[in-house]
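Participant: dropping a prediction and its sequence here:
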Amino acid sequence: MSSEQDMDTAGDELVVPLHSRRRQRAAIGQKLQHLIPAAGLFFGGVRSLTTGVEGFERILAIVGIFTSALLIAAFMRHLRAFGRQKAHAAHGVDWMDVWAAGVLFAEAAEKWRLRGHIWRPETLAAVATLGIGLFHGRLADSHERRRSLRINGERLSIGGRFRFSRSFAPRWDEIADIRIGDREAAIRTHQGKTRTLNLADLDNAPAVRDALARAQERLVAREPERLTS
């Protein structure tokens, strides 16, 4: 993966997203949980069809098999994308969440057929999951903008790990040094605050390392100015 693919320059600002492998693995673990009800729905649908069900029950069985199969196929595609370290590149609709919502809707419909209650937890979860899947691109873009290394003429900033966490954004005259090691990099301020980046966890570590090297050069270039001020 080239630096050009991971870096975006807007005016005098250099922006490098922080693509964490650990977060990608955690996301896969969360998606894996969808496969458990999908497997039950798939085999339950097959069993219903083999017993010769008719009418609405037959439709539910076919829908369950269809959505479960699509969910499993989407998960396998997601695994292959992660293996090629391109899971973060897909910023459109997340079809795995869409088909997971389909599985939850099918479960809710089955319970409605059996018990006559439609507004159940499965329905709420299905609506929420469908929304996340359809708006995955916007959510992913927002997260990537927040979780980025930014370098401009005024400051160096690193976005917070969570939506409401504060960013680390010292001005150049507040930075004491920038150290880049084999596995991690650290930015330390004169006030003693330090932000460490785990380079070993980033699949775009070369781009991040290159951006930090540029920041080092900028900091060194400012040193005579700081000493004379």
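Facilitator: Yep, that arrived. Numbering: from 1, shown residues only.

Participant: domain assignment for the chain?
Facilitator: Here the domain parsing of the chain from automatic domain parsing is 3-19+147-228, 21-137.

Participant: could you dump those into CSV with mean pLDDT added?
Facilitator: Output for those, formatted as CSV (pLDDT from 0 to 100):
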stretch, mean pLDDT
domain 3-19+147-228, 82
domain 21-137, 83
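
Participant: would you list every one of the strands in this protein?
Facilitator: 8-10, 13-17, 148-151, 156-158, 175-180, 184-189, 194-198 (DSSP state E).

Participant: quick one: which of the ones you listed is nearest residue 217?
Facilitator: In terms of C-beta to C-beta, the element of the strands of the chain nearest to residue 217 is strand 175-180, at 9.7 Å. Glycine gets a C-beta too; all of them are placed from N, C-alpha and C.

Participant: next, the angle strand 184-189 makes with the closest one.
Facilitator: Interaxial angle of strand 175-180 relative to strand 184-189 (axes from the mean of the first three to the mean of the last three C-alpha atoms, to 10 degrees): 180 degrees.

Participant: chain center to strand 175-180: distance?
Facilitator: 28 Å (C-alpha atoms, centre = their mean, to the nearest Å).

Participant: ok, now stretch 52-62?
Facilitator: Going by C-alpha atoms, centre = their mean, the spacing between the C-alpha centre of stretch 52-62 and its chain's C-alpha centre is 37 Å.

Participant: from the rest of the structure, what touches that stretch?
Facilitator: Residues outside stretch 52-62 that contact it (C-beta atoms under 8 Å, 6 or more residues apart in numbering): 44-46, 48-49, 106, 109-110, 113.

Participant: show me how to select, in PyMOL, the buried members of these.
Facilitator: When burial is assessed using 16 or more other C-beta atoms under 10 Å, the buried subset of those is captured in PyMOL by this command:
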select buried, resi 44+45+48+106+109+110
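
Participant: looking at the contacts of stretch 52-62, which is nearest residue 146?
Facilitator: residue 106 (34.7 Å).

Participant: wait, residue 177 touches residue 219, no?
Facilitator: Yes. Counting by C-beta atoms under 8 Å, residue 177 touches residue 219, with 7.4 Å between them.

Participant: higher neighbour count, the two?
Facilitator: Neighbours per residue (other C-beta atoms under 10 Å) separate residue 177 from residue 219, with residue 219 holding more: 18 against 13.

Participant: for stretch 121-132, which positions count as buried?
Facilitator: By 16+ other C-beta under 10 Å, the buried positions in stretch 121-132 come out as 122-123, 125-126, 129-130.
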